[in-house]
Structure formats: C-alpha cells, structure tokens
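Trainee: Sequence first, predicted model second:
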Amino acid sequence: MGCNSSLISQKFDPLAEYEDTWFNPKRGEDPLDKLLVWCSPEVLVAKKDYNMPVFNVEIVNGQIDTWQGSKVTFGQKGANKEGVAFNIMMFPQGNNCKRVQFSGELKDKDGQVKLWRVPVDIPAEDEGWVHVDKLDFLRCDKLPTLKFKVSIKKEDANTLITTPEDTKNLNMWHHDFKLSNGEKAVIVYKQRTGNTKCLMWFPGRNDTFSHPHFANRLLEAGFDLYVIEHRKQGRSLIGCSSKEFELSSHTENFREYLEEHNKVFDFAFNDKPYEKCVLYAHSTGGLEAALYMREGNWRNAINALILNSPFLDFGQGGPIEKLLDSMDNALPLLQFIPGAGETRMIETPGKKANAFGLNIWAQYDVDLRCRNFITERMTLGYLSAVGKMHEELAQKKKEWTDDPKKACKVPTLLLWTDGDTCLDGSELQNVVGGISHDVEIKFIPNCRHDMLLNYTKEDNDKVMDTIFDFINTALTKKFAT
C-alpha cells in the first residue's frame, strides 16, 4: 500500500499567528518552564462528600496573564474547573521566576472575611514533588474538618513526556484523499507485520494525533493503528488558508464525517483481513463514534468501543447548559440577525493564545499547524450540530430502554476524570446508554480532558493499563450485531 505525504506548501504560516503574544511556538526559543500544582485531601474521601478549597495561585513575574498561564484558581465556582485538583502553570524561563504566591479568603472566628497570602519558593526541578506545609490550614465549605495537602513540582522547559524524537521514531505514514465536496481528509496510520487486529482512532475537536506512547503499546499488542483526521481537523489543515484555520473542526452536520470515516475503514480492511477491530474516540470524536455505531458502513466490524472523555453532554450546568442544549432549535431564528449564521463565533474572533492547549504543547510534541490554539473559536453551527447529536443519543437511549432487544451490545469502555476542565464526566454515564447497553465505566482522577495526554507519565500509564485490560476482556465476548 502506498502512502502520500500530507506535507504540502502552506498558504499561510499558522505559527506566525502567535507573533505579538506571550507564546513563541519555536521550541527552544523563549522556553517556558512549568509548575505543577496538586491539591488533595489528606485522607481518602468520596469526592461527592467534599468540595475543593478556593484559592488562587500565581507565579510572581510570570507575566502570562491567563488561566493555566501564570495563574490558576482552585475551587473556581460555577465551572467544570470547580472540582479540579491538579493544574499546570507556565512561566518564561528567561524571567528567572523564583516565587509562587498562594492567596484567598478565610473567615475568622467572628465570621469576618480576611484575605491571606502565602509566598513560596519555586523548588528546583530535581526536588520533585514538594509539600507546601504553609497551606495546611486549607479547608473546604462542605466538610470543614477535612484537611488538604498542596504540593508543587517544577518541570524544565526541555522536560517533555513525548518528544519530537519519539514522533520521528514512530514514523507514522500518511494518506491524503479528496472528499466529494473538494475538501481534504488525512489517514495517519502504522502497521506491523503479523498484526491481526486494528484500532480506528477518531480524534476530538481541534485535535490531532500526538500519542506515540500509546501507538507503540498498540503495535506491541498486535494492533495496527489508523487515525482519521477529517475535514478541517489535524493534518487536513496543512495547506489551508487563515480563514480555514480559524474554522478548525467547524461543522453544521456531523453526518458529513461519515464519508471519511467510511473511507478509513475501506482503506484498512481492503489492505488486511483484520480479525478484530476496536473503535477509539476522544471528546467530540465520541459523538462521531456514536453516530458511526448507528449508521457507519463498517459498524458491524467493530468488536469494542473506547470513549475517552466523550462529548455526550454539555456539562456546564444551570442556564448556560440549557441555552447550549437549545442551540439547535435557536439557530434557525438567529439566521435573521445580521452576522449570526452558522460560522458566527461565540467568542470575539482574533488572536488569543490559548494556555489550556499550549500547556499540552509544553509537555508533548504537538504540531501547531494541526491544532489551532490562537484564532480558533466555537461556532454557533458547531454547537447546533452537537445539540442535534445529543438529542439523537437521548432518543436512542429511550428507544432501547423501552425495548432492550434493539440495543447495541458492543462492549464499551467509558473513561472519565475529575480533572476534565471541558466536561462534567460524572454526567456521561447518564447518556452513554444511547450508544451501547454493555458499558464499563472507569474513573481515573487528576487526568486532563484527553486522558492519554496527562500531566504525568504515571497517569498516562494508568489509563493505558485500563484500556488494555478492557480490550483483553472485550475481544473475547460474543454479541449479536
């Protein structure tokens, strides 16, 4: 099987978009050191029985004035960040930052609110995790007797969990193909002689494959790997215009992706007669996988499904979630408002370096031509399309609850974490019944939204072990398709 290079000439340079921001995308120039901060209860308590203490953390002279730049807030109310116990911060190595300041509010015995500040020296990298004993007074509202422990760890800018060398050594192949509407999609894949199983990978929104650590384990376990980076996603963006880059992962109809999803299965199965097939999906890719399990040409070839923090629910809570849930119904009315069409962004367009994404780059080898952390914003059309998929999931769950014989029985693993700042993972188990009735739910604490790109290698290993334990059991099951 031949492979075509997807490295075509750029119409514009995405890396140049970061000019005049705090971020330099050329690794090694203006390097960013990292500070990991971990806040956890001193004794094991069920998460539902307590809430995180509220406090701020800021790198003195860090100068990256954005969340997960040089500052974070723990216990931030009214957001998915509220329960997050693990955070990362960045600061320019050239600033010679020496201190980190913790601050917050406490009520004294008379009920008066007092401000507090605790400056702490940033430890040396070789010190590893350091307990900040000056913060042992921290408590939470829900369980005031519970004590918390805060630890910090410095990582040098050159310390990466996966390196450019790891990506180079993996040497994945690329195959580009033109879609019926003239757009491009890219298959990124790796085969090994003798492998009889395959894993199909659906990335998330504004995502690209940057997981050589997982690819190597798959290959060793007898799996070939096929990643489909569909239109407006990942490597398919290479060669796009500035406007196209802004609209990374924009869609108004998830069914359009069935074309390239079918093509990646055609590409794989027309080359090798695989005995077993696993479908893996992350975030928005989880919605795409749910649709493929219902309507894809190769759905009956799938023996197991893995969902890594799937976007099955908006998870914002309160009036914001209600608004997002109704977006598919509201969008037709918005058409009559000038500038409020499908591609209208819900945030002000423009250049704004996204620390949430760039701190992944700070720990992993991520190609910034393939993930837009500078001009990309969610669009009304995308949110409307997501709402429609959520409604279909709910309808399918009801249909299968009324008649369980109709339900899909493909073994499914649902992974979720309390470190997810995008979704409320605890709500996902309420809707996954619209995908399969054979679901194993696994909670792993302190992970990122992408639970295979975590803050530590050790957490990556926990997630990978969980996935392979599931696969080893799931592929022995027999079920009616």
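Mentor: Structure's in. What do you need?
Trainee: Need the three-state assignment for L423.
Mentor: coil (DSSP: H, G, I helix; E, B strand; the rest coil).
Trainee: ok, how many other residues are close to it?
Mentor: Using other C-beta atoms under 10 Å, L423 has 22 neighbouring residues. (C-beta placed from N, C-alpha, C; glycine too.)
Trainee: Just to check, it is in contact with F311?
Mentor: Yes: using C-beta atoms under 8 Å, L423 is in contact with F311, at 6.5 Å.
Trainee: Find the residues that touch each one of these two.
Mentor: S283 (C-beta atoms under 8 Å, 6 or more residues apart in numbering).
Trainee: Direction included, what does whichever strand or helix holds S151 pair against?
Mentor: Here S151, judged by DSSP states H and E, is contained in strand 148-155. If you go by DSSP bridges, strand 148-155 pairs up with strand 32-41 (antiparallel), strand 130-131 (antiparallel).
Trainee: quick one: contacts for G234?
Mentor: Taking C-beta under 8 Å, 6+ apart as the test, what G234 contacts is V186, V188, P203, D207, T208, F209, V227, C370, R371.
Trainee: Wait, the first one touches M172, no?
Mentor: No: if you go by C-beta under 8 Å, V186 and M172 don't touch, sitting 10.8 Å apart.
Trainee: out of the two, which sits in the more crowded spot?
Mentor: Under the neighbour definition other C-beta under 10 Å, V186 and M172 were set side by side, and V186 has more, 27 against 16.
Trainee: Would you mind measuring from that one to Y226?
Mentor: 11 Å (C-beta to C-beta, to the nearest Å).
Trainee: just N303 next, same as before
Mentor: N303 is 15 Å from Y226, by C-beta to C-beta.
Trainee: Then R255?
Mentor: R255 is 21 Å from Y226, by C-beta to C-beta.
Trainee: ok, those two, which is more surrounded?
Mentor: Taking neighbours as other C-beta under 10 Å, R255 and Y226 compare with Y226 leading, 22 against 13.
Trainee: Can I take it that that one is in a helix?
Mentor: No: under three-state DSSP, Y226 sits outside any helix and is assigned strand.
Trainee: For D266, grab the count of nearby residues.
Mentor: 12.
Trainee: so who does it touch?
Mentor: So, once contact is read as C-beta under 8 Å, 6+ apart, D266 ends up touching N297, W298.
Trainee: Kindly report the same for F202.
Mentor: Per C-beta under 8 Å, 6+ apart, neighbours of F202: I228, H261, L279, Y280, A281, H282, G285, G286, E288, A289, Y292.
Trainee: burial of the residue nearest to it when sequence neighbours are not counted, as a residue count?
Mentor: Excluding the flanking residues, the one nearest F202 by C-beta to C-beta, 6 or more residues apart in numbering is G285, at 3.5 Å. The tally of other residues near G285 (other C-beta under 10 Å) stands at 27.
Trainee: three-state assignment of G285?
Mentor: Classified using three-state DSSP, G285 is helix.
Trainee: Start the count at 39 instead of 1 going forward.
Mentor: Will do, 39 is the new start, and the previous item becomes G323.
Trainee: Surely it touches D245?
Mentor: Yes: the pair G323 and D245 qualifies as a contact (C-beta under 8 Å) at a distance of 7.4 Å.
Trainee: that older thread, now, which of the contacts of F240 lie within strands?
Mentor: Among these, the members found in strands (DSSP state E) are I266, L317, Y318, A319, H320.
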